[in-house]
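Undergrad: missing the sequence, but the structure's below:
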């Protein structure tokens, strides 16, 4: 995994100029801390395009130290199936999981307050979104664009919040919203 130093104590997972067949593959565990030249750095972000076009990436474990996930961070990770975003992430930028054709489930923690455009664009196998927030995260006009009109996605929300989601922009367009 490649990193950018973002301060004297933090780093961000970053994209690096990879050649053909050099994308991230298999199962990736992003650590909470890394060491460099005897100094410890906390991993606090997944930068823009960090895993861009890592088609053979099958799973990623995101640590609770992550606060932000940049635009197109997992764009075209075609074999990524299930993602659990940890509590602490506040914003999901645009296109984070765009064109993740095998994506079946995504869990969004209660700490997320906003979700950018085309967040799950073209995720035609998506079956469920588990959203743990009692207040529906604010979404952009096209956050859920690119899903098939006949796609039956179940949105699972905390007990007692179904009506809030059924009345919230973007969320109200899902046919099936149920309590967990």
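TA: Received, thanks. The structure displayed is predicted, hence computed values, not measured ones. Numbering: from 1, shown residues only.
Undergrad: every contact and neighbour count from this point should use C-alpha atoms.
TA: Noted.
Undergrad: go ahead and confirm residue 62 touches residue 29.
TA: Yes: in this structure residue 62 lies within contact range of residue 29 using CA atoms under 8 Å: 6.7 Å.
Undergrad: ok, now which ones touch the nearest residue to residue 173 once chain neighbours are set aside?
TA: Spatially, and ignoring its direct neighbours in sequence, residue 173 is nearest to residue 166 (7.8 Å; CA to CA, 6 or more residues apart in numbering). Residue 166 makes contacts with 172, 173, 177, as judged by CA atoms under 8 Å, 6 or more residues apart in numbering.
Undergrad: now residue 166: how far from residue 175?
TA: Distance of residue 166 to residue 175, computed by CA to CA, to the nearest Å: 9 Å.
Undergrad: residues in contact with the longest strand seen in the chain: which ones?
TA: Secondary structure assigned by DSSP state E gives strand 39-46 as the longest strand of the chain. Residues from elsewhere that reach strand 39-46, judged by CA under 8 Å, 6+ apart: 8-14, 31-35, 65-70, 73.
Undergrad: just the buried residues of that strand, please?
TA: Residues of strand 39-46 classed as buried: 41, 42, 43, 44, 45, 46 (neighbour count, 16 or more other CA atoms under 10 Å).
Undergrad: dump those residues into CSV; add distance to residue 154 as well.
TA: What follows is the buried residues of strand 39-46, written out as CSV (distance: CA to CA, whole Å):
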residue, distance to residue 154
41, 38
42, 35
43, 32
44, 30
45, 29
46, 27
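Undergrad: which one of those sits closest to residue 80?
TA: Minimum distance to residue 80 across these is 16.1 Å, recorded for residue 46 (CA to CA).
Undergrad: so what's that closest one bridging to?
TA: Under DSSP bridges, the beta-bridge partners of residue 46 are residue 13, residue 69.
Undergrad: cool, and residue 57?
TA: For residue 57, the beta-bridge partners are residue 26 (DSSP bridges).
Undergrad: ok, now which ones touch it?
TA: Residues near residue 57 by CA under 8 Å, 6+ apart: 24, 25, 26, 27, 28, 77, 78, 79, 80.
Undergrad: by neighbour count, which of the residues you listed wins?
TA: residue 77 (27 neighbours; other CA atoms under 10 Å).
Undergrad: which SS state does the nearest residue to that one once chain neighbours are set aside fall under?
TA: Distances taken as CA to CA, 6+ apart place residue 55 nearest to residue 77, at 4.3 Å, with adjacent residues excluded. What DSSP: H, G, I helix; E, B strand; the rest coil gives for residue 55 is coil.
Undergrad: who's in contact with the helix or strand harbouring residue 107?
TA: Using DSSP states H and E, the element containing residue 107 is strand 105-108. Residues outside strand 105-108 that contact it (CA under 8 Å, 6+ apart): 81-86, 126-133.
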